[in-house]
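Colleague: coords below, sequence missing:
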């Protein structure tokens with residue numbers, strides 16, 4: 001769904017959409033199990049900017065979404081199912097409007113919260129992709145006590161114990177170990 005600035009000039013846009021699994025590319029590590037349901041409202045905010053008072057047309061999107069997603073555990077790689085629900089209040093400004101001739105600019109906290117759009121608007125799918133990825137933790141684990149995989153044979157240590165010999169020392173320290181043994185004898 002395209003949120004068009006020209007349409008927003010006429011009236012706010014209310015939306016309610018259900019995106020089927022794979023309708024939005026969430027990346028290879030993430031699988032959408034149910035429809036991604038979203039609803040909200042898009043408005044046009046006009047503000048004066050700069051010394052000349054140029055009118056900037058910002059798009060404000062307020063809404064929420066929910067879906068059931070599957071992601072691999074960061075330790076054992078088993079699938080983990082998560083219900084993801086999130087509300088958002090976003091502001092998009094035309095790309096290049098904040099650019100000036102200066103090479104470096106300091107960014108205020110308020111400016112860090114602004115997204116940018118090019119052309120005549122924003123794709124709702126792009127907004128949702130970003131919000132879904134931000135709603136997930138950096139590393140998802142199946143359980144806080146997950147033991148992960150054996151670094152030698154790859155066995156899931158939650159389901160069994162491997163017979164690999166546990167290497168206690170780092171091979172990079174072998175030269176120092178040999179030196180210590182010579183000094184002790």
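Modeller: The structure has been received and is ready for your questions. None of these values were measured; they are calculated from a predicted model.
Colleague: drop to CA atoms for contacts and neighbour counts, all remaining ones
Modeller: OK.
Colleague: Scan this structure for its longest strand.
Modeller: strand 54-72 (DSSP state E).
Colleague: Can you tell me the strand partners of it and which way each runs?
Modeller: Partner strands for strand 54-72, per DSSP bridges, with pairing direction: strand 30-32 (antiparallel), strand 36-49 (antiparallel), strand 79-94 (antiparallel).
Colleague: how about residue 117, phi and psi?
Modeller: Backbone torsions for residue 117, taken as degrees, to the nearest 10, come to phi -120, psi 150.
Colleague: residues contacting it?
Modeller: 92-95 (C-alpha atoms under 8 Å, 6 or more residues apart in numbering).
Colleague: Now restrict the residues you listed to buried residues only.
Modeller: Buried members of the contacts of residue 117, counted by 16 or more other C-alpha atoms under 10 Å: 92-94.
Colleague: could the residues you listed go into TSV alongside distance to residue 22?
Modeller: Shown next, in TSV, are the buried ones among the contacts of residue 117 (distance: C-alpha to C-alpha, whole Å):
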residue	distance to residue 22
92	25
93	28
94	29
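Colleague: one step back: out of the contacts of residue 117, what pair is the most spread apart?
Modeller: 92 and 95 (8.7 Å; C-alpha to C-alpha).
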